[in-house]
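K.L.:
the following block contains a protein sequence and its predicted model.
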Amino acid sequence: DVKVTQSSRYLVKRTGEKVFLECVQDMDHENMFWYRQDPGLGLRLIYFSYDVKMKEKGDIPEGYSVSREKKERFSLILESASTNQTSMYLCASSTDRSYTEAFFGQGTRLTVV
Amino acid sequence: GQQVMQIPQYQHVQEGEDFTTYCNSSTTLSNIQWYKQRPGGHPVFLIQLVKSGEVKKQKRLTFQFGEAKKNSSLHITATQTTDVGTYFCAGPVYAGGTSYGKLTFGQGTILTVHP
């Protein structure tokens, strides 16, 4: 089974802190994604990566950056956390085949106070 | 950009009643996927539809893809408490001929089943 693991289930950070969310997948998937989930808004794509060191902005990249130094690991960085970044963050991965489904991590619920 | 709209946002049913959620895309889709997220859990892939007019069944769940490949539905017959959760549809986003696995998700339908 594909396993996507996020480093934390719950995080509480202070406004202005630099926050790192880590994600690791064990199935050699080419594509990795960071989504943000908020009530009534579904899943919104923040950033994605289709190869090591390659990254593309999603729909809501402002205030975030990412890093993919190794194929299995994709990090989301909040440069200066703000209260409006309080949310559920979901990492996902997929192969580069056509019509490929996404495999999600368990999610990180981030609260910025 | 591509938008995927999903209705209703909430659905409360009595156990044994049927449930349907609808998904509409602003653009024609090459395929559509459905995911289920249990309370406190993460989205899990249920199924993918590719062909125009395609209908697939998984036990009490019936998935349909519209003829124009712009809409889809998920119907659950005789709901059970195990069906509780949020159901999402998702369509691929293409740029330059490839999607890189990018998906646009609908807002989701939260299903509550009262025993």
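P.N.:
Received, thanks. Numbering: from 1, shown residues only, chains lettered A, B, ... in the order given.

K.L.:
in chain A, which spans are strands?
P.N.:
Remark: strands assigned in chain A by DSSP state E are A:4-6, A:10-13, A:19-25, A:31-38, A:42-51, A:54-57, A:64-70, A:73-78, A:87-94, A:103-104, A:108-112.

K.L.:
which helices and strands sit right next to the fourth one?
P.N.:
Using 3 or more Cβ pairs under 8 Å, 6 or more residues apart in numbering or on different chains; DSSP states H and E as the contact definition, the elements that strand A:31-38 packs against are strand A:19-25, strand A:42-51, strand A:64-70, strand A:73-78, strand A:87-94. For every residue, glycine as well, the C-beta is placed using N, CA and C.

K.L.:
what is the last one packed up against?
P.N.:
The helices and strands touching strand A:87-94, judged by 3+ Cβ pairs under 8 Å, 6+ apart, are strand A:4-6, strand A:19-25, strand A:31-38, strand A:73-78, strand A:103-104, strand A:108-112.

K.L.:
export those to TSV and tack on mean neighbour count and mean pLDDT?
P.N.:
Output for the helices and strands packed on strand A:87-94, formatted as TSV (neighbours: other Cβ atoms under 10 Å in any protein chain shown; pLDDT from 0 to 100):
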stretch	mean neighbour count	mean pLDDT
strand A:4-6	19	97
strand A:19-25	19	98
strand A:31-38	23	96
strand A:73-78	20	98
strand A:103-104	22	96
strand A:108-112	18	98
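
K.L.:
out of those, which gets nearest to residue B:31?
P.N.:
For these, the distance to residue B:31 is smallest for strand A:31-38, at 15.7 Å, taking Cβ to Cβ.

K.L.:
may I have the closest one as CSV, with CA atoms only?
P.N.:
C-alpha atoms of strand A:31-38 as CSV (Å, rounded to 0.1, in the frame of the first residue of the first chain):
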residue,chain,number,x,y,z
ASN,A,31,4.1,14.1,-8.3
MET,A,32,3.6,15.5,-4.9
PHE,A,33,1.1,18.1,-3.8
TRP,A,34,0.2,20.4,-0.9
TYR,A,35,-3.5,21.2,-0.4
ARG,A,36,-5.3,23.3,2.1
GLN,A,37,-8.7,22.2,3.4
ASP,A,38,-11.2,24.7,4.8
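
K.L.:
partner strands of that strand and their direction?
P.N.:
Looking at strand A:31-38 with DSSP bridges, its partner strands are strand A:42-51 (antiparallel), strand A:87-94 (antiparallel).

K.L.:
identify, out of those strands, the most deeply packed stretch.
P.N.:
strand A:87-94 (a mean of 24; mean count of other Cβ atoms under 10 Å in any protein chain shown).

K.L.:
quick one: low-confidence ranges for the chain?
P.N.:
Going with chain A. Residues of chain A that meet the criterion pLDDT under 70 lie in A:1-2.

K.L.:
my bad, the chain I had in mind was chain B
P.N.:
B:95-97, B:99.

K.L.:
what ranges does it have for its strands?
P.N.:
Under DSSP E, chain B gives strands at B:4-7, B:10-14, B:19-25, B:32-37, B:44-49, B:55-58, B:61-65, B:71-76, B:85-92, B:103-105, B:109-114.

K.L.:
just put these in TSV and tack on mean neighbour count and distance to residue A:26.
P.N.:
Formatted as TSV, the strands of chain B follow (neighbours: other Cβ atoms under 10 Å in any protein chain shown; distance: least, Cβ to Cβ, whole Å):
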stretch	mean neighbour count	distance to residue A:26
strand B:4-7	19	29
strand B:10-14	13	36
strand B:19-25	21	31
strand B:32-37	24	20
strand B:44-49	17	17
strand B:55-58	13	27
strand B:61-65	19	29
strand B:71-76	20	30
strand B:85-92	25	23
strand B:103-105	24	21
strand B:109-114	18	31
